[in-house]
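Colleague: All I have is the shape, not the residue letters:
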């Protein structure tokens, strides 16, 4: 029999956000191949259905705006009643924002926080509900950014929304340890994803080249993050909680 | 809309007197971050996408205002 170090994922039911593209899609496919049953959430229905085409195992799609917290709770509880309780959550959905101080406003910053930060709290709150969590070896994984750890220009809203995830991770790891729920966070460097491609108007070639040089191992790929998410959702990381993991090709080692 | 846009550009370009004939590159504060501020302003407040290369072809405040207002 082939030894699979991620064997513990085969019996788990995992909720993923941001599943329609990039890291979310790559992680959905990986977890599905590893045998997990998935509840995939995204606002982009077309992208979500495309992701499901690549998932070999049972997947349940939920097209939803994560910032609508009331609907999020109702829909998840409803789906859990039909499909079983959850073992883990990976909150991958996020919104980039490259806006210098001169153009930042409270309303635009709040919009970034609503998706990147507040929805993480909502998801954790829903997950710990006894009607939702399976009660055994739970795991919550958040995705922040190197810019939650180090500074860069034109990033005040995005960086603070991601740095807040680090505080949430630390706090929840203590609060949820008695329930046997682990909470960890990955701080990725720059990944070649559609999100980055969609921001080409703000990046010129010189900037992309500079970004590449800032990563000693070069820019990352979505699958690099997916492997770590799979590890954190699996029982291989059963003694790990409250960790902020730099996964950045050496970006923050300098 | 034009008045509001001119006010917003005055703030970004750090001047109290902004003329349509002013050249963007002549402002003391003109740098890549100021350019990025204008791109963000156009995108967030007016839903107009201006790329870095588009902006580099815009010389005057008048051209910039026309680009944003005509793209609405």
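Modeller: That came through, no problem. Since this is a predicted model, take the numbers as computed values, not measurements. Numbers count the residues shown, from 1 in each chain, chains lettered A, B, ... in the order given.
Colleague: For residue A:107, what is the enclosing helix or strand?
Modeller: helix A:106-113 (DSSP states H and E).
Colleague: Quick one: check that helix for contact with chain B.
Modeller: Yes: on the criterion Cβ under 8 Å from any Cβ of the partner chain, helix A:106-113 is in touch with chain B at residue A:108. (C-beta placed from N, C-alpha, C; glycine too.)
Colleague: what lines up beside the longest strand along chain A in the sheet?
Modeller: Longest strand of chain A, by residue count under DSSP state E: strand A:181-188. In the sheet, strand A:181-188 lines up against strand A:138-143 (parallel), strand A:244-247 (parallel) (DSSP bridges).
Colleague: per-residue confidence averaged over the first one?
Modeller: I take that to be strand A:138-143. Throughout strand A:138-143, pLDDT has a mean value of 98.
Colleague: what does the stretch 1-150 of chain A put close to chain B?
Modeller: A:98-100, A:102-103, A:105, A:108.
Colleague: Kindly recompute the last result at 10 Å.
Modeller: A:97-105, A:107-108, A:111 (Cβ under 10 Å from any Cβ of the partner chain).
Colleague: What's the mean pLDDT across the longest strand of chain A?
Modeller: For strand A:181-188, the per-residue pLDDT averages 98.
Colleague: Now, of the residues of the stretch 1-150 of chain A next to chain B, which are buried?
Modeller: When those are checked for burial by 16 or more other Cβ atoms under 10 Å in any protein chain shown, the buried set is A:97-100, A:102-104, A:108, A:111.
Colleague: Take the residues of the stretch 1-150 of chain A next to chain B and lay them out in JSON lines including pLDDT.
Modeller: What follows is these, written out as JSON lines (pLDDT from 0 to 100):
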{"residue": "A:97", "pLDDT": "88"}
{"residue": "A:98", "pLDDT": "87"}
{"residue": "A:99", "pLDDT": "90"}
{"residue": "A:100", "pLDDT": "91"}
{"residue": "A:101", "pLDDT": "91"}
{"residue": "A:102", "pLDDT": "89"}
{"residue": "A:103", "pLDDT": "89"}
{"residue": "A:104", "pLDDT": "90"}
{"residue": "A:105", "pLDDT": "90"}
{"residue": "A:107", "pLDDT": "91"}
{"residue": "A:108", "pLDDT": "91"}
{"residue": "A:111", "pLDDT": "94"}
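Colleague: OK, contacts around the most centrally placed residue in chain A?
Modeller: In chain A, the residue lying closest to the centroid (Cα atoms, centre = their mean) is residue A:92, at 2.1 Å. Residues near residue A:92 by Cβ atoms under 10 Å, 6 or more residues apart in numbering or on different chains: A:16-19, A:21-28, A:41-42, A:141-143, A:186, A:222, A:225-226, A:229.
Colleague: cutoff 8 Å now
Modeller: Residue A:92 makes contacts with A:16-19, A:22-24, A:27, A:143, A:229, as judged by Cβ atoms under 8 Å, 6 or more residues apart in numbering or on different chains.
Colleague: Take those residues and keep only those in helices.
Modeller: A:22-24, A:27, A:229 (DSSP state H).
Colleague: Out of the residues of the stretch 1-150 of chain A next to chain B, which comes closest to residue B:31?
Modeller: residue A:100 (10.1 Å; Cβ to Cβ).
Colleague: Now do the helix or strand following the helix holding residue A:107: which elements does it pack against?
Modeller: Note on helix A:106-113: by DSSP H and E, the next helix or strand toward the C-terminus is helix A:119-128. Packing contacts for helix A:119-128, counted by 3 or more Cβ pairs under 8 Å, 6 or more residues apart in numbering or on different chains; DSSP states H and E, involve strand A:13-17, helix A:69-83, strand A:88-91, strand A:138-143, helix A:156-176, strand A:181-188.
Colleague: can you redo those as JSON lines with mean neighbour count?
Modeller: JSON lines is the format used below for the helices and strands packed on helix A:119-128 (neighbours: other Cβ atoms under 10 Å in any protein chain shown):
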{"stretch": "strand A:13-17", "mean neighbour count": "25"}
{"stretch": "helix A:69-83", "mean neighbour count": "15"}
{"stretch": "strand A:88-91", "mean neighbour count": "28"}
{"stretch": "strand A:138-143", "mean neighbour count": "26"}
{"stretch": "helix A:156-176", "mean neighbour count": "19"}
{"stretch": "strand A:181-188", "mean neighbour count": "25"}
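Colleague: Any idea which of the ones you listed gets closest to residue A:149?
Modeller: strand A:181-188 (5.5 Å).
Colleague: Next, the angle helix A:119-128 makes with that closest one.
Modeller: Orientation of strand A:181-188 against helix A:119-128 (axes from the mean of the first three to the mean of the last three Cα atoms, to 10 degrees) gives an angle of 150 degrees.
Colleague: before we move on, back to that, which of the ones in helices among the contacts of residue A:92 sit farthest apart?
Modeller: The two members of the ones in helices among the contacts of residue A:92 with the most space between them (Cβ to Cβ) are A:22 and A:229, at 12.4 Å.
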